[in-house]
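Engineer: Return atomic coordinates for the entry below.
(4 chains)
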Protein chains: 2
Amino acid sequence: MDGQMAPQILPPPQHQRRKRGKDASAVTLKDVARLAGVSAITVSRAINQPDVVSEETLTSVRKAIEQLGYVPNLLAGGLKSSQSRLVAAIVPSIGTSMFAEAVEALTDRLSDAGYEVLLGLSGFAQSREDRILSAVLSRKPDAIFLTGIDHSARARQQLLAAGIPVVESWDLTPNPIDIAIGFSHENAGRAAAKHFLEKGYDRIAVISASDKRALQRRDGFLKHLAETGRTDVALRLTETPGSLERGREALADLLNGGVQPDSVFCTVDPLAQGAIIEAQVRGLDVPGDLAVMGFGNFSFSPHIHPSLSTISFDRRKIGELAADLILAELGGTPSPERVVDIGFTLVERQSTG
Amino acid sequence: MDGQMAPQILPPPQHQRRKRGKDASAVTLKDVARLAGVSAITVSRAINQPDVVSEETLTSVRKAIEQLGYVPNLLAGGLKSSQSRLVAAIVPSIGTSMFAEAVEALTDRLSDAGYEVLLGLSGFAQSREDRILSAVLSRKPDAIFLTGIDHSARARQQLLAAGIPVVESWDLTPNPIDIAIGFSHENAGRAAAKHFLEKGYDRIAVISASDKRALQRRDGFLKHLAETGRTDVALRLTETPGSLERGREALADLLNGGVQPDSVFCTVDPLAQGAIIEAQVRGLDVPGDLAVMGFGNFSFSPHIHPSLSTISFDRRKIGELAADLILAELGGTPSPERVVDIGFTLVERQSTG
DNA sequence: GATGTAAATGGTATCGATACCATCATGGAG
DNA sequence: CTCCATGATGGTATCGATACCATTTACATC
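Structural biologist: The predicted structure is shown next:
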């Protein structure tokens, strides 16, 4: 990868043409038409607008399709109709369930509407997002789902030029490119801080992953504490994505460093789970000796012991809403709401007893 | 969903054409050509085979591209060249890291080679796989990545007709459609059984998810035990995907049912983690009172307490190998290996101490 | 100086489907 | 009986790029 601005055009494909000359599935609309004894357009209509074709032709066309095993070529259709029935989803990663669930919900819902999802993984780096965005846009998706609201100037420009519905997710912004669906991570952090204060915790620590949104939660948490006069908060940063392993390490590091917190806020649940385990291994009682709060309400969180207090938000709903708003916009009846705050809830469980 | 055989053709799109008449990004190859003062084909060559174009033209073409913000239309290119640079990946789900990691690895590697991944989620149901397969094939992917080796007759036929590289993953088979990458789940189960016997466990139980591969592991486990004369094995089935919650429930159910196992094999790690937690909550020592073994070596498994003995296999490698073999085949130099056994390793940790 | 070869570029047909407009029955209104 | 709306179907151009073949120029060879 060159350090320079990535060229707008993809690197030249290096692979040869596929060897088999004619594709085995050379069955086209025309073949079906011939067999059914009608014209190609009629076959096209039989498929896409069955109600304008007579029952009789419909039957014979369907039979011909069946017989030939015809599979329409969406590339060709999309070229002429400028509808690819493709929605691109660009997320940092699907290795943790964080984004995977949203993508899954998005895919499920779009699939029912006859759209497919093109997956792009940006890996938390903006430069890579740009590259993937270019690649993806050349497939002329009908809409695009992005993570976050920070995009390069080039990216914004390309998205605008594409003239398609764009959903920015996980975050909120007053100026979405098109639509934003998310919630305030800073407020989520503040909510955690408030909870800690209400519980009377005194020696507070934070373990945070280092991606932008985790840091926003951390900042919200610290700000709220600062506003109530507390600035003596121990902090450990870990890699993104935050994992159980990193959580253990970070807590161990805190404790070994002489810090004796009575509570720790972890900016993502796996970190919190790790912290709990590390505490338990060291013979500390959670929440008696150390209260732990996470973020994200992962599927394991209610079921570990002690169950994990966390901040919950509906990941699947982000994907579903995105799909709904995209479909509405594609359907010509865009929702007037451009920014959707899906909110979050603080779920108090045993770990902050 | 009708109970009948899904029609080969997708349901008619119900959404209107997008409202904006002309796409804002109406910049085509021709526009670039005009500005650069060359013909369209030369621009095409400048992009795809830069080495056959003179340095001079290359420069002016690149400038024109930059200036106009040209984004190539891969739909059109793909139509003529019958290369979509698209690889379809159909997996049951990406909500758990099980398949997500393989898809992620596949996507990463293909992305570097200039391919994009089209994601299909089949949700463990074969009927849905068929429907998604049809939808996906109409996009003319250059290759396809599937989960499992069980596909309907229609699916096989369509895949064969498509004439593209097909990777079946997670499982092995002597008769792959094209390429299979996986390992023997039955043997994995056997390995677990063998380990239990070596450790001298006596009252053995199994908690299994109910998807096909989990059941194969369970069966391998039970068969091996049966072959050594043990048939008194308590068994609990849970939903797929197996989760921590289900693991707790299943173990609770076993213990409440009067079964007193000294060891339990869980066919997927999250179930095992759940079992450990349930045991601990009940005051049982793991592994002293109850040994637990999982499967999959999830990222949390080495770091929980006690650390989880499990059967490890390289999920990312499946995706990477798939990408490599696909690229090799597309590049005209297919690997002679049609079936790749990536194997597995039993990792002994504290939970079967 | 004639000829051959490679490099650089252009022209045209074409991929497979759909948009758009035209055509042709059919049948009810006047 | 004519007229025209309606329904069903076909013809043709076209989407944007690339394959294929042709052409032009430069330059080395004999």
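Engineer: At which residues are the helices of chain A located?
Structural biologist: A:29-36, A:40-48, A:55-68, A:74-81, A:97-112, A:126-137, A:153-162, A:185-198, A:212-227, A:244-256, A:269-281, A:315-330 (DSSP state H).
Engineer: got those as TSV, with mean pLDDT columns?
Structural biologist: Putting the helices of chain A into TSV (pLDDT from 0 to 100) gives the following:
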stretch	mean pLDDT
helix A:29-36	91
helix A:40-48	92
helix A:55-68	91
helix A:74-81	91
helix A:97-112	96
helix A:126-137	90
helix A:153-162	91
helix A:185-198	98
helix A:212-227	97
helix A:244-256	97
helix A:269-281	97
helix A:315-330	97
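Engineer: Check these for me and report the most buried one.
Structural biologist: Of all the helices of chain A, helix A:269-281 has the most neighbours on average by mean count of other C-beta atoms under 10 Å in any protein chain shown, namely a mean of 26. In short, each C-beta sits where N, CA and C put it, glycine included.
Engineer: Count the neighbours of A:A88 for me.
Structural biologist: Counted with other C-beta atoms under 10 Å in any protein chain shown, the burial measure for A:A88 works out to 27 neighbours.
Engineer: Do I have it right that it meets A:S138?
Structural biologist: No - using C-beta atoms under 8 Å, A:A88 and A:S138 do not qualify as a contacting pair, with a distance of 10.6 Å.
Engineer: Kindly reformat the helices of chain A as CSV containing distance to DNA strand D.
Structural biologist: What follows is those, written out as CSV (distance: least, C-beta to the nearest atom of the strand, whole Å):
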stretch, distance to DNA strand D
helix A:29-36, 7
helix A:40-48, 3
helix A:55-68, 4
helix A:74-81, 3
helix A:97-112, 24
helix A:126-137, 11
helix A:153-162, 13
helix A:185-198, 39
helix A:212-227, 34
helix A:244-256, 44
helix A:269-281, 44
helix A:315-330, 18
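Engineer: A:E116: what's it in contact with?
Structural biologist: Under the criterion of C-beta atoms under 8 Å, 6 or more residues apart in numbering or on different chains, the contact partners of A:E116 comprise A:R85, A:L86, A:V87, A:L110, B:L118, B:L119, B:G120, B:A135, B:V136, B:R139.
Engineer: Quick one, grab the pLDDT at the nearest residue to A:D253 once chain neighbours are set aside.
Structural biologist: Nearest-residue entry for A:D253: A:R236, 5.8 Å, with adjacent residues in sequence omitted and distances by C-beta to C-beta, 6 or more residues apart in numbering or on different chains. Among the per-residue scores, A:R236 shows a pLDDT of 97.
Engineer: sorry, back to before: which of the helices of chain A sits closest to B:A102?
Structural biologist: helix A:97-112 (12.4 Å; C-beta to C-beta).
Engineer: quick one: contacts of that closest one?
Structural biologist: The list of residues contacting helix A:97-112 from outside it, by C-beta under 8 Å, 6+ apart, reads A:87, A:89, A:91-94, A:116-117, A:119, A:145, A:147, A:169, A:241, A:268, A:296, A:298-299, A:315-320, A:322-324, A:326-327, B:93-97, B:100, B:119-121, B:123, B:132, B:135.
Engineer: hang on, the earlier thing: for the contacts of A:E116, which one is nearest DNA strand C?
Structural biologist: When those are compared for distance to DNA strand C, the smallest value, 10.0 Å, is given by A:R85; criterion: C-beta to the nearest atom of the strand.
Engineer: hang on, A:A192 packs against A:I311?
Structural biologist: Yes - between A:A192 and A:I311 there is a contact under C-beta under 8 Å: 6.2 Å.
Engineer: Centroid-wise, who is the farthest residue in chain A?
Structural biologist: What lies farthest from the middle of chain A is A:G37; by C-alpha atoms, centre = their mean that is 47.5 Å.
Engineer: Name the nearest residue to that residue, sequence neighbours excluded.
Structural biologist: A:G37's closest residue in space is A:S60 (C-beta to C-beta, 6+ apart), at 6.9 Å.
Engineer: and that neighbour, how far is that from A:Q67?
Structural biologist: Distance, A:S60 to A:Q67, using C-beta to C-beta, to the nearest Å: 10 Å.
Engineer: and the spatially most central residue of chain A, how far is that from A:V91?
Structural biologist: Chain A has A:F99 as the residue nearest its centroid, 4.0 Å off, counting by C-alpha atoms, centre = their mean. Note on A:F99: its distance to A:V91, by C-beta to C-beta, is 4 Å.
Engineer: can you list residues touching both of those two?
Structural biologist: A:T147.
Engineer: B:A155 is nearest to which of the helices of chain A?
Structural biologist: helix A:55-68 (15.6 Å).
Engineer: where's the closest one relative to the chain centroid, distance-wise?
Structural biologist: 41 Å (C-alpha atoms, centre = their mean, to the nearest Å).
Engineer: how about the residues of chain A near DNA strand C?
Structural biologist: For chain A, the residues in contact with DNA strand C under the definition C-beta under 7 Å from any atom of the strand are A:23, A:26, A:28-30, A:40-41, A:44, A:47-48, A:70, A:72-73, A:76-77, A:79-81.
Engineer: Please repeat the previous calculation with a cut-off of 6 Å.
Structural biologist: Contact residues of chain A with respect to DNA strand C, defined by C-beta under 6 Å from any atom of the strand, are listed as A:26, A:28-30, A:40-41, A:44, A:48, A:72-73, A:76-77, A:79-81.
Engineer: and these near chain B, which?
Structural biologist: By C-beta under 8 Å from any C-beta of the partner chain, the members of the residues of chain A next to DNA strand C lying near chain B are A:N48, A:P72, A:N73, A:A76, A:L79, A:S81.
Engineer: on that earlier part again, what about the residue nearest to the centre of chain A, distance to DNA strand C?
Structural biologist: When C-beta to the nearest atom of the strand, to the nearest Å is applied, the distance between A:F99 and DNA strand C equals 33 Å.
Engineer: One more: A:D219?
Structural biologist: With distances defined as C-beta to the nearest atom of the strand, the gap from A:D219 to DNA strand C amounts to 49 Å.
Engineer: Spit out the residues that contact A:A192 and A:I311 alike.
Structural biologist: For the pair A:A192 and A:I311, residues contacting each of them under the criterion C-beta under 8 Å, 6+ apart are A:M293, A:F295, A:L346.
Engineer: Verify the stated contact: A:R85 with A:D142.
Structural biologist: Yes - under the criterion of C-beta under 8 Å, A:R85 lies in contact with A:D142, with a separation of 6.3 Å.
Engineer: anything in contact with each of these two?
Structural biologist: Taking C-beta under 8 Å, 6+ apart as the contact criterion, the common neighbours of A:R85 and A:D142 are A:Y115.
Engineer: any idea of the pLDDT on A:K22?
Structural biologist: We note a pLDDT of 36 for A:K22 in this prediction.
Engineer: I meant A:M5, not that one.
Structural biologist: At A:M5, the model reports a pLDDT of 38.
Engineer: now A:L10
Structural biologist: We note a pLDDT of 38 for A:L10 in this prediction.
Engineer: now A:R17
Structural biologist: A:R17 is given a pLDDT of 33.
Engineer: again with A:A125
Structural biologist: Confidence for A:A125, expressed as pLDDT, is 79.
Engineer: State the number of residues packed around A:G332.
Structural biologist: Summarising burial for A:G332: neighbours were counted as other C-beta under 10 Å, giving 11.
Engineer: how much space is there between it and A:I177?
Structural biologist: Summarising the geometry, the distance separating A:G332 from A:I177, computed by C-beta to C-beta, is 20 Å.
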